[in-house]
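S.K.: Next comes the sequence, and after it the predicted model I'd like to discuss.
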Amino acid sequence: MGKATAFPVAIARAASFDVMLERGVGLAIGLEVAAKGGNVLLAPTINLLRHPGWGRAQETYSEDSFHMGAMAVAFVSGAQNHVLTSPKHYALNNLENKRFELSANIGLRALHEVYLPHFKRCVVEAGAASIMSAYNKVNGVYCGEHRQLLNDILREEWGFKGFVESDWFLGTRSTAPALCAGMDIEMPAAYRYSDENLHQAIANGEMDGA
C-alpha cells in the first residue's frame, strides 16, 4: 500500500499508561488507513499476554484486563473517527502452538471476569464496529461457531450492533453452524460461505436456526 507511519508496537505503547496518547495513535492510524482507501482496521489485538513467548505478544497491550480495556477503548475511539475497527481475537486466543485445534476450557466466572471485560468495553464504551473471532475452540466449540460467544454474550448481553468477521482462512470451519451462531463474514474470501454452500445449506434446511 506504499508508505505509512510505523508506530511503536502496542506492548510498547501500553507501557506509557497514557490513554490520551493511545487515542491519538488510533486517530493517526485510522486517518492513514482511510487515506489509503481502507475502511476496516484489523486492530486492536486485545488477547491477554500470558507468556512472553506468545507469537502475538508485541501486538497486544497487557496481561491485565483493566489496563487492556483502557488502552483498547482509547485506540478504538480514536481510529473510528475515520475507519471501522475490529478488536480481536474473540476469544481466549493466547497461544500460537496448536491454535487451530486447541480448546481453551474455562469456567463462566473466569471468562467474564478475566478474559472478556476488555472486549466488552470496546463494544459498550467505544462502539467497536466489528469483532474478529479467534481460531481456537472455547470449551470444545470453535469460536467461529460459538453461539454463546457470538450471539448470547456479544449481541444479546452487550448490545453489539456491528458485524463479526472470521480470522483468515481457518477461522470459519463450517457453513450453517457458523452462520447460525452469528458469524457474518468469512475472510479473506468465501469458501465455507460460497454461493454453492449457502444454497445447499438452505436446501437442506440447515439454516432454519439462523
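M.R.: Cool, got the structure. Residues are numbered from 1 along each chain as shown.
S.K.: pLDDT score assigned to Gly209?
M.R.: Gly209 is assigned a predicted lDDT (pLDDT) of 62.
S.K.: switch to numbering from 19
M.R.: Sure thing, new numbering starts at 19, so read that last one as Gly227.
S.K.: is the residue nearest the centre of the chain in a bridge, and if so with what?
M.R.: Taking CA atoms, centre = their mean, the centroid of the chain lies closest to Lys106, which sits 2.3 Å from it. Beta-bridge partners recorded for Lys106 (DSSP bridges): Thr63.
S.K.: can you point me to the longest helix in the protein?
M.R.: helix 37-53 (DSSP state H).
S.K.: What is the helix or strand just after that one packed up against?
M.R.: Later in the chain than helix 37-53, the nearest helix or strand by DSSP states H and E is strand 58-59. On a contact count with 3 or more CB pairs under 8 Å, 6 or more residues apart in numbering; DSSP states H and E, strand 58-59 meets helix 37-53, strand 102-103. Where C-beta positions appear, they are placed from N, C-alpha and C, glycine not excepted.
S.K.: tell me the average confidence for the last one?
M.R.: Per-residue confidence for strand 102-103 averages out to 98 on the pLDDT scale.
S.K.: what do you get for the longest one?
M.R.: Model confidence over helix 37-53 averages 98 on the pLDDT scale.
S.K.: What are the boundaries of the strands in this structure?
M.R.: 58-59, 102-103, 121-122, 148-150, 155-156, 159-160, 181-183 (DSSP state E).
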